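Peer 1: return a 3D structure for these sequence lines:
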Amino acid sequence: MDIPAHFTQPVAFTRARGAHRFEVFSPKLKRRLTLDRRCVVDQWFVLESDPSVRVFCERPGFAQFDRRRYLIDFHVSYADRQELLLLPDPVIVNDGKLRSVVDASAMTVRHVEPAELVASRIWVDNWQRILPCLIATRGLVPASLFNSIERFVATSQSLLDIEREFSTGDPIVVRAALFGLLHRGRVTAPELRTEPLSWLTHFAAAEARS
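Peer 2: The predicted structure follows:
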């Protein structure tokens, strides 16, 4: 599905006085993002960790509905659809001369409710630990290690057992390879949605989840 050109880069927008500023790096987009609300950061973790999300863009433009004009928080592209996300307490814009106004009627607009973010709290907390490992080891993990670990977890294995099997040198590289497979959807770990990441967390190849 083609992505409109104006959904590939965030629009310039002046933050409100006193607003937070969060600088993050997206392995999926291979660039930095500047975010201004904690809920936006949490949603970024959800999008970044979802293998079904092909690409996304923060602050892709503005949309008008319900007689108000809002700053869109994210445009998200999946294999079969695209959607615009508005998070809790969306930014209302009063400037009538703004460019990059999106036709919201041409695309699904999804309002992310606070309860949805609360429900993903453990998952988000776990990915706050996983992503720094991926970012710090970019380009350092050999393809052969990805493939070897994927074969090893054809039967579900704990993080401890995986690191014992492959840690002949720096264990962080083994962990990065495992997390890279998880990031790409080649490995799954359902426990990360309900329990903190630990040595006992189990990982399995995507086609062998039992």
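
Peer 1: quick one: contacts for residue 135?
Peer 2: Going by C-beta atoms under 8 Å, 6 or more residues apart in numbering, residue 135 touches 25, 27. Every residue, glycine included, has its C-beta placed from N, CA and C.

Peer 1: could you measure it against residue 92, distance?
Peer 2: Shown here: residue 135 relative to residue 92, a distance of 33 Å by C-beta to C-beta, to the nearest Å.

Peer 1: ok, then the element right after the longest helix seen in the chain?
Peer 2: Taking DSSP state H as the assignment, the helix of the chain that covers the most residues is helix 121-136. Downstream of helix 121-136, the next assigned helix or strand under DSSP states H and E is helix 143-152.

Peer 1: which elements pack onto that next one?
Peer 2: Helix 143-152 is packed against helix 159-166, helix 171-184, with contacts defined by 3 or more C-beta pairs under 8 Å, 6 or more residues apart in numbering; DSSP states H and E.

Peer 1: ok, now which ones touch the most centrally placed residue in the chain?
Peer 2: In the chain, the centroid-proximal residue (C-alpha atoms, centre = their mean) is residue 48; its distance is 1.4 Å. Applying C-beta under 8 Å, 6+ apart to residue 48 gives the contacts 26-28, 127, 131, 183.

Peer 1: dump those residues to TSV, plus neighbour count, pLDDT and distance to residue 173.
Peer 2: Converted to TSV, the contacts of residue 48 look like this (neighbours: other C-beta atoms under 10 Å; pLDDT from 0 to 100; distance: C-beta to C-beta, whole Å):
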residue	neighbour count	pLDDT	distance to residue 173
26	17	97	21
27	15	96	16
28	18	96	21
127	23	98	19
131	20	97	16
183	20	97	15
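
Peer 1: can I see the domain layout of this protein?
Peer 2: The record, using automatic domain parsing to delimit domains, assigns the chain the ranges 5-118, 120-205.

Peer 1: so how many other residues sit close to residue 61?
Peer 2: Residue 61: 22 surrounding residues under other C-beta atoms under 10 Å.
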